[in-house]
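[1] Sequence and predicted model, in that order:
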Amino acid sequence: MALETIGVVGGGAWGTALAATTRLAGRRVLMWARAADVVDEINQRHTNAAYLPGVTLDSDLAATSDLSRMAEVDAVLLVTPAQSQRSTARALAPFLAPKTPVVICSKGLEQITGKLMTDVLAEEIPSCRVAVLSGPGFADDVVRGLPTALTLACADEALGKALVEAIGYRQFRLYWSGDTTGVALGGALKNVLAIAAGIVDGRKLGASAHAALVTRGFAELRRLGQALGAHPETLLGLSGLGDLLLSCGSPQSRNMRLGRLLGQGRGLSEAMSDLKSTAEGVYTAASAVRQAADHGVDMPISAAVHAIIEGELTVDAAIASLLSRPFRSEV
């Protein structure tokens, strides 16, 4: 399966990092960005300083603001924010040949519908072949060639393995999975739980509370994953537990940074303004709570994050509510 030219749709930090690492894997890369100044900077100066300062990109990495040029590529990495994936996919659809592989690289649930990104893509580009790339990786680490391991999920095993070979290389290790639901769900819910971990850190509740939060948060992820048909081993892997540990344990995580600001007493709008980037957990929290209600799954940490975001509970009231829950079996 010839996958020699890869299109990257999205000109932010993660899209730029994936474009750069795919060049290191030896593929031709055509990157789409909405902003003309970003496109010009990549093509002329080989940088994207607004998103990845101090990084020089391969001079053969080409950028465009013309989405129709994605007709030239063999596979697409879709790296726009989760909440704009539907509109981007709809705009992209007319230019793709039938059965073109499209790899979802954003992490979240659609806020309006509560749907996984896999479902959104299937609705907007039904003729494409859907894959998902997710796991514990920060854009700055990837673009600098630091060792990173992620999961690439595709129901078609042959295509999944071809995609792994096309965009993976020695420093960017990819593991194939057939469980697109589990990989997409793990990447989405870890954002909500990372906000909770940041709140614990910002409130200076201690390392013991942090460990408890991450562990019980993972229990929520597993319960909802089971209800949606995800494989348990997927959630225990890179795209589940691995991504959760990274996002809940490093201030490089935008969602954890947001939670830390909330824990320090900032209001949501002020915290998001200070962050100066998208924290997908803010939008995914409502969808996670909706999915939990629809499937009869208990997700108290996610519900508490949602209540804080919606202004229904203060941080202190949400913490008090969680600590007041009845004792129960761990299993």
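    That came in fine, so what should we check first? What you see is a predicted model; the values in this text were computed from it and never measured. Residues are numbered from 1 along each chain as shown.
[2] Where do the domain boundaries of this protein fall?
    5-178, 188-323 (automatic domain parsing).
[3] what would the ones you listed look like in a markdown table with mean pLDDT and mean neighbour count?
    All C-beta atoms are positioned from the backbone trio N, CA, C, and that covers glycine. Output for these, formatted as a markdown table (pLDDT from 0 to 100; neighbours: other C-beta atoms under 10 Å):
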| stretch | mean pLDDT | mean neighbour count |
| --- | --- | --- |
| domain 5-178 | 96 | 20 |
| domain 188-323 | 95 | 20 |
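[4] Dump those domains into JSON lines; add distance to V331 as well.
    Below are those laid out as JSON lines (distance: least, C-beta to C-beta, whole Å):
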{"stretch": "domain 5-178", "distance to V331": "26"}
{"stretch": "domain 188-323", "distance to V331": "9"}
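[5] ok, and the closest non-adjacent residue to the residue positioned nearest the centre of the chain?
    Centroid-nearest residue in the chain, with C-alpha atoms, centre = their mean: K107, separated by 2.5 Å. Counting by C-beta to C-beta, 6 or more residues apart in numbering, G187 is the residue found nearest to K107 once chain neighbours are left out, at 3.5 Å.
[6] And the one you found, how close does it get to L221?
    Separation of G187 from L221 (C-beta to C-beta, to the nearest Å) stands at 11 Å.
[7] Going along the chain, name the helices of the stretch 201-331 of the chain.
    207-228, 232-235, 243-249, 254-263, 268-275, 281-295, 300-309, 315-323 (DSSP state H, counting those that start in this stretch).
[8] Relative to R129, which of those helices is closest?
    helix 232-235 (19.3 Å; C-beta to C-beta).
[9] Just the CA trace of the closest one, in CSV.
    Written as CSV, here are the backbone C-alpha positions of helix 232-235 (Å, rounded to 0.1, in the frame of the first residue of the first chain):
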residue,chain,number,x,y,z
PRO,A,232,-9.9,-3.1,28.3
GLU,A,233,-6.4,-3.7,27.1
THR,A,234,-6.6,-0.5,24.9
LEU,A,235,-7.5,1.6,28.0
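[10] Packing partners of that helix?
    helix 180-202, helix 207-228 (3 or more C-beta pairs under 8 Å, 6 or more residues apart in numbering; DSSP states H and E).
[11] Just want the angle from the shortest one to helix 180-202.
    Spelled out, it's helix 207-228. If you take axes from the mean of the first three to the mean of the last three C-alpha atoms, to 10 degrees, helix 207-228 sits at 160 degrees to helix 180-202.
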